[in-house]
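J.: Requesting a structural model of the entry that follows:
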Amino acid sequence: MLITRGYNLKRRLKLALSYIKTASNGVNNLLLISQLVVSVVLIALILLQQRGTALGSAFGQGEGGFYGTLRGVQKKIFWATVVMGFLFVVLAIANLVL
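T.: Model prediction:
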């Protein structure tokens, strides 16, 4: 009787561990997919920003360097970029930890 209970307990533990591994695998897949989506949105938001529109400004050749305050849609795009960048870093750390 004790042997069958021990075997049954081992079988239940293996089954429980397999459920945990499956759930963990699902969480990792969810993290990877969400990180991919956030990265694509982050790239799009960075490309939508209008500061330094000339190609030379990317290499340090400014055209006077005048930058006004952000207003309207530009301000919303800026803050969305900040939030997406923060979310990307959080997802990357969560992906490393889990």
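
J.: can you give me the strands for the protein?
T.: Counting by DSSP state E, the chain forms no strands at all.

J.: worst-scoring helix or strand of it, pLDDT-wise?
T.: Least confident element among the helices and strands of the chain, by mean pLDDT, DSSP states H and E: helix 2-48 (a mean of 76).

J.: wait, what's in contact with the spatially closest residue to residue 88 that is not a sequence neighbour?
T.: Spatially, and ignoring its direct neighbours in sequence, residue 88 is nearest to residue 38 (5.0 Å; C-beta to C-beta, 6 or more residues apart in numbering). For the C-beta atoms, the positions are set from N, CA and C on the backbone; glycine is no exception. Contacts for residue 38 (C-beta atoms under 8 Å, 6 or more residues apart in numbering) come out as 84, 87-88, 91.

J.: how about JSON lines for those, with pLDDT added?
T.: Shown next, in JSON lines, are the contacts of residue 38 (pLDDT from 0 to 100):
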{"residue": "84", "pLDDT": "96"}
{"residue": "87", "pLDDT": "96"}
{"residue": "88", "pLDDT": "95"}
{"residue": "91", "pLDDT": "93"}
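
J.: Closest to residue 8 out of the residues you listed?
T.: The shortest approach to residue 8 among these belongs to residue 91, at 40.3 Å (C-beta to C-beta).

J.: From residue 72, how far off is the nearest residue to that closest one once chain neighbours are set aside?
T.: Excluding the flanking residues, the one nearest residue 91 by C-beta to C-beta, 6+ apart is residue 35, at 4.3 Å. Distance of residue 35 to residue 72, computed by C-beta to C-beta, to the nearest Å: 30 Å.

J.: between the two, who's got more neighbours?
T.: residue 35 (17 against 7; other C-beta atoms under 10 Å).
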